[in-house]
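*Asks:* return a 3D structure for these sequence lines:
(one chain, ligands or ions: 2)
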Amino acid sequence: MSSYCPVCNGMETLTAICPGCSGPAADFGRYNDYLGPYAPYRDIEAIGLSNGYPDVLSNRCMHVVACEGCGQNGVVAVEEIAGGEKLI
Ligand SMILES: [Zn+2]
Ligand SMILES: [Zn+2]
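*Replies:* Numbers count the residues shown, from 1 in each chain. Ligands and ions are numbered 1, 2, ... in the order given. Next up is the predicted model:
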């Protein structure tokens with residue numbers, strides 16, 4: 001069974017609201033990629049143990065968002081689409 005993130009696949013645009021100024025926060029990519037140069041090459045289970053999101057990684061794609069207005073950033077869980085044909 002596979003699942004994929006609609007944002008990573010370009011099917012949806014991630015929209016998040018900045019908790020600081022309520023302005024739009026931009027998607028800065030996958031949290032796993034954001035961790036550093038080693039993260040993309042590690043097993044997703046291994047990343048799950050190290051990034052603080054072990055329970056949600058199986059069907060959530062964690063995205064880093066940052067506000068262009070006030071600079072606040074955070075992590076948003078994007079629900080992945082399960083069981084479909086992967087487009088890419
Ligand atoms: Zn994603
Ligand atoms: Zn802001």
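
*Asks:* quick one, what contacts the nearest residue to residue 68 once chain neighbours are set aside?
*Replies:* The spatial neighbour of residue 68 that comes closest, neighbours along the chain excluded (C-beta to C-beta, 6 or more residues apart in numbering), is residue 26 at 5.8 Å. The C-beta positions use only the backbone N, C-alpha and C, and glycine is treated the same way. Residue 26 makes contacts with 65, 66, 67, 68, as judged by C-beta atoms under 8 Å, 6 or more residues apart in numbering.

*Asks:* and if you look at residue 76?
*Replies:* Going by C-beta under 8 Å, 6+ apart, residue 76 touches 14, 16, 62, 63, 64, 65.

*Asks:* hmm, residue 75 and the third one touching each other?
*Replies:* Yes. Contact between residue 62 and residue 75 holds when scored by C-beta atoms under 8 Å: they sit 5.3 Å apart.

*Asks:* these two: who's more crowded?
*Replies:* Neighbours per residue (other C-beta atoms under 10 Å) separate residue 62 from residue 75, with residue 62 holding more: 21 against 15.
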